[in-house]
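A.B. asks: 3D model of this:
(one chain, ligands or ions: 3)
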Amino acid sequence: MLEKRTPIPVSQAVEKVMKAATHSHSSEQVHITKAYRRILAEDLLAKHPVPPFDRTPYDGFAIHSDDSQNASRENPVTLRVIETIGAGSVCEQPVQRGEAVRIMTGAMLPPECDAIVMLELADTFTEADEDYMTIKRHFPSGHNLSYKGEDVSEGTMLIEKGTIINPGTVALLATFGYEYVSVTIKPTIGVFATGSELLEVEDELEPGKIRNSNTQMLLAQIERAGAEAVYFGKLPDEFESCYSQIKEAAVKVDILITTGGVSVGDFDLLPEVYDKLNADILFNKIAMRPGSVTTVATWNDTLMFGLSGNPSACYVGFEVFVRPIIKTRMLSSTPHLSKAKAILSEDFSKANPFTRFVRGTLSYQGHHLHAAPSGFNKSNAVSSLAKTDVFIVLPGGTRGYTKGDLVDILILDTEEGSEWPWESLSSSK
Ligand SMILES: Nc1nc2c(c(=O)[nH]1)N[C@H]1C(S)=C(S)[C@@H](COP(=O)(O)OP(=O)(O)OC[C@H]3O[C@@H](n4cnc5c(N)ncnc54)[C@H](O)[C@@H]3O)O[C@H]1N2
Ligand code: MOO
Ligand SMILES: [Mg+2]
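C.D. replies: Ligands and ions are numbered 1, 2, ... in the order given. Okay, here's the model as predicted:
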């Protein structure tokens with residue numbers, strides 16, 4: 001008699017997986033040019049104020065504001081220009097009352113000066129080899145200054161460890177002189193494809209066979225999640241070979257993913273492999289579609305994800321279950337896919353007892369996000385994945401969904417994630 005599997009709610013399945021998540025405390029130093037998209041393994045602190053000195057934000061003249069006190073159209077004030085400095089240079093001499101310094105954007109303010117007059121607001125002339133500038137209004141103390149520390153004061157905690165390094169973070173690293181930065185080590189994720197029907201990308205089609213698309217897809221998903229993939233190859237639907245190769249590979253990686261062979265078919269060998277390994281099965285049936293057969297097991301220190309062979313189910317299984325584990329290991333406090341609301345663009349009138357993760361395309365119309373199914377909407381679809389920006393989450397239950405309904409979406413391909421997006425989806429079965 002066929003084993004009967006009892007589906008558990010998605011939120012419960014994610015919770016079970018997350019209990020097996022561990023933080024990695026190991027880090028490595030990478031050169032700043034390799035830091036983009038890595039994860040900070042230490043808090044990023046401001047080592048000095050930014051800017052590190054008072055400076056001018058305009059091309060102009062640095063003056064003593066008091067010298068301009070009585071300046072007006074009728075009573076212009078003329079100051080002697082004693083030096084010209086560009087950004088990177090400093091004024092070589094003290095600036096006396098009645099004197100000004102011609103100064104360019106970004107240059108350090110001479111310490112005696114306390115206001116900047118933009119070039120456009122001054123008249124200039126030369127007399128007896130001396131340069132002069134004339135102003136016709138008062139420029140109060142502090143006028144047009146960019147103050148030391150106005151952007152960041154020394155010691156500020158800027159970015160917490162566990163945050164993905166984006167181009168803005170790279171700018172900060174450079175600002176504070178981090179030639180090398182401490183980042184989390186990428187977990188290694190092993191991948192096996194199972195199925196005697198599978199050909200490799202370069203193979204010609206043969207009757208009954210298909211090309212193995214899941215592996216290439218997973219390698220890209222793993223890279224997108226920030227981990228390191230190790231492809232172990234294809235396994236035929238033959239028990240001894242599956243068992244021995246999976247056992248051998250599992251000790252070499254942090255996480256082992258297989259695709260295919262997890263359902264109840266005659267050649268679905270993963271349940272038997274887990275059994276013989278004596279692995280601890282967390283679940284093997286989830287009330288979700290696609291991906292209902294996703295199986296997760298722990299074996300020694302390795303987490304084993306038995307993702308479905310069906311491409312869409314495999315894709316969803318990875319993003320919902322594997323991604324948060326990878327992110328957590330790399331210290332993220334928001335490891336799950338980001339959640340938002342969008343307006344559904346199509347009817348899903350038939351009720352479904354399982355929570356659906358419809359692959360969707362996002363569009364921005366006016367002030368609203370709209371989510372439309374991205375194509376052929378079956379578990380075995382491959383064509384809709386390329387245009388998938390989001391999963392449209394339709395909780396299972398007794399009702400269908402109508403075009404115009406406000407629904408939850410989980411956003412793919414964003415650097416930011418969510419803490420726990422499943423709470424409000426508690427109506428999911
Ligand atoms: N009697 C039942 N049959 C099935 C059930 C069920 O509950 N009872 N579940 C169905 C569901 S839901 C899914 S999802 C699939 C899951 O199948 P498996 O994970 O066991 O995967 P396979 O049987 O190996 O393959 C399924 C399908 O996917 C294709 N495939 C496999 N690997 C790849 C790959 N690397 N690249 C592209 N395509 C791949 C394979 O050729 C099959 O067409 O089971 C249902 N059946
Ligand atoms: O696991 Mo299947 O993908 O539910 O359709
Ligand atoms: Mg099968």
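
A.B. asks: how does this structure divide up, domain by domain?
C.D. replies: Taking automatic domain parsing as the reference, the chain has its domains at 10-26+187-329, 29-45+158-184, 60-135, 338-425.

A.B. asks: Counting neighbours, what do you get for the closest residue to ligand 2 within the stretch 1-150 of the chain?
C.D. replies: Nearest residue of the stretch 1-150 of the chain to ligand 2: Pro7, at 9.6 Å (Cβ to the nearest ligand atom). C-beta: built from backbone N, CA, C; applies to glycine. By other Cβ atoms under 10 Å, 19 other residues sit near Pro7.

A.B. asks: can you pull the contacts of Val316?
C.D. replies: 288, 290-291, 357, 359, 391 (Cβ atoms under 8 Å, 6 or more residues apart in numbering).

A.B. asks: what about Leu158, which helix or strand?
C.D. replies: Leu158 is located in strand 157-159, with elements delineated by DSSP states H and E.

A.B. asks: Run through who's touching the helix or strand following that strand.
C.D. replies: For strand 157-159, the following helix or strand on the C-terminal side (DSSP H and E) is helix 167-175. Identification of contacts with helix 167-175 by Cβ under 8 Å, 6+ apart yields 32, 35-36, 40, 44, 50, 158-159, 163, 165, 181.

A.B. asks: and the domains of the chain, which is most packed in?
C.D. replies: Mean neighbour counts were taken over the domains of the chain using mean count of other Cβ atoms under 10 Å, and the top value, a mean of 19, falls to domain 10-26+187-329.

A.B. asks: Do me a favour and average the pLDDT over that one.
C.D. replies: In this model, domain 10-26+187-329 has a mean pLDDT of 96.

A.B. asks: distance between that domain and the chain's centre?
C.D. replies: 23 Å (Cα atoms, centre = their mean, to the nearest Å).

A.B. asks: That one near ligand 3 at all?
C.D. replies: Yes: against ligand 3, domain 10-26+187-329 shows contacts by Cβ under 5 Å from the ion at 263, 265, 268.

A.B. asks: Need the CA coordinates for the lengthiest strand in the chain. PDB is fine.
C.D. replies: When the chain is parsed with DSSP state E, its longest strand is strand 355-365. The C-alpha coordinates for strand 355-365 follow below in PDB (Å, rounded to 0.1, in the frame of the first residue of the first chain):
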ATOM      1  CA  THR A 355      -1.800  27.700  -0.900                       C
ATOM      2  CA  ARG A 356      -0.800  28.600  -4.400                       C
ATOM      3  CA  PHE A 357       2.500  30.400  -5.400                       C
ATOM      4  CA  VAL A 358       1.500  31.600  -8.800                       C
ATOM      5  CA  ARG A 359       4.600  32.800 -10.700                       C
ATOM      6  CA  GLY A 360       3.800  36.400 -11.500                       C
ATOM      7  CA  THR A 361       5.000  39.500 -13.400                       C
ATOM      8  CA  LEU A 362       4.900  42.800 -11.600                       C
ATOM      9  CA  SER A 363       3.900  46.100 -13.200                       C
ATOM     10  CA  TYR A 364       3.600  49.600 -11.800                       C
ATOM     11  CA  GLN A 365       0.400  51.300 -12.800                       C
END
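
A.B. asks: Against which helices or strands is it packed?
C.D. replies: With contacts defined as 3 or more Cβ pairs under 8 Å, 6 or more residues apart in numbering; DSSP states H and E, strand 355-365 has these neighbours: strand 288-289, helix 311-317, strand 368-373, strand 390-394, strand 406-411.

A.B. asks: what would these look like in CSV with distance to ligand 1?
C.D. replies: Putting the helices and strands packed on strand 355-365 into CSV (distance: least, Cβ to the nearest ligand atom, whole Å) gives the following:
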stretch, distance to ligand 1
strand 288-289, 7
helix 311-317, 4
strand 368-373, 18
strand 390-394, 16
strand 406-411, 19
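
A.B. asks: which residues touch Lys339?
C.D. replies: Lys339 sits in contact with 408-411, 418, 421, 424, where contact means Cβ under 8 Å, 6+ apart.

A.B. asks: Out of those, which is nearest to Leu307?
C.D. replies: Ranking those by separation from Leu307, with Cβ to Cβ as the measure, puts Leu410 on top at 17.1 Å.

A.B. asks: That closest one contacts Leu394, doesn't it?
C.D. replies: No: when contacts are counted by Cβ atoms under 8 Å, Leu410 is not listed as touching Leu394 (11.7 Å).

A.B. asks: Am I right that Gly306 falls within a strand?
C.D. replies: Yes: secondary structure of Gly306, determined by DSSP: H, G, I helix; E, B strand; the rest coil: located in a strand.

A.B. asks: Just to check, it is in contact with Leu256?
C.D. replies: No: using Cβ under 8 Å as the test, Gly306 is too far from Leu256 to be in contact (9.3 Å).

A.B. asks: Give me the pLDDT value at the residue of the stretch 1-150 of the chain closest to ligand 2.
C.D. replies: Model confidence at Pro7, expressed as pLDDT, equals 95.

A.B. asks: Run through the residues that contact it.
C.D. replies: 285-287, 292, 354, 429.

A.B. asks: Spit out the contact partners of the residue lying closest to Leu277 once chain neighbours are set aside.
C.D. replies: Spatially, and ignoring its direct neighbours in sequence, Leu277 is nearest to Trp299 (5.4 Å; Cβ to Cβ, 6 or more residues apart in numbering). Listed by Cβ under 8 Å, 6+ apart, the contact partners of Trp299 are 250, 274, 277-280.

A.B. asks: Looking at those residues, which is nearest Arg97?
C.D. replies: Sorting these by how near they are to Arg97, with Cβ to Cβ, puts Ala250 at the top with 79.0 Å.

A.B. asks: and the gap between the closest one and Lys186?
C.D. replies: When distances are taken as Cβ to Cβ, to the nearest Å, Ala250 and Lys186 turn out to be 18 Å apart.

A.B. asks: just so I have it, where are all the strands in the stretch 201-350 of the chain?
C.D. replies: With strands called from DSSP state E, counting those that start in this stretch, the stretch 201-350 of the chain shows them at 210-211, 228-235, 255-259, 280-283, 288-289, 295-299, 302-307, 338-344.

A.B. asks: Touching the third one from outside, list them.
C.D. replies: Under the contact criterion Cβ under 8 Å, 6+ apart, strand 255-259 has outside partners 187-194, 214-215, 218, 227, 235, 246, 249-250, 270, 302-309, 314, 318, 322, 325-326.

A.B. asks: give me that answer again for 6 Å
C.D. replies: Defining contact as Cβ atoms under 6 Å, 6 or more residues apart in numbering, one finds that strand 255-259 is touched by 189-194, 214, 250, 302-307, 309, 314.
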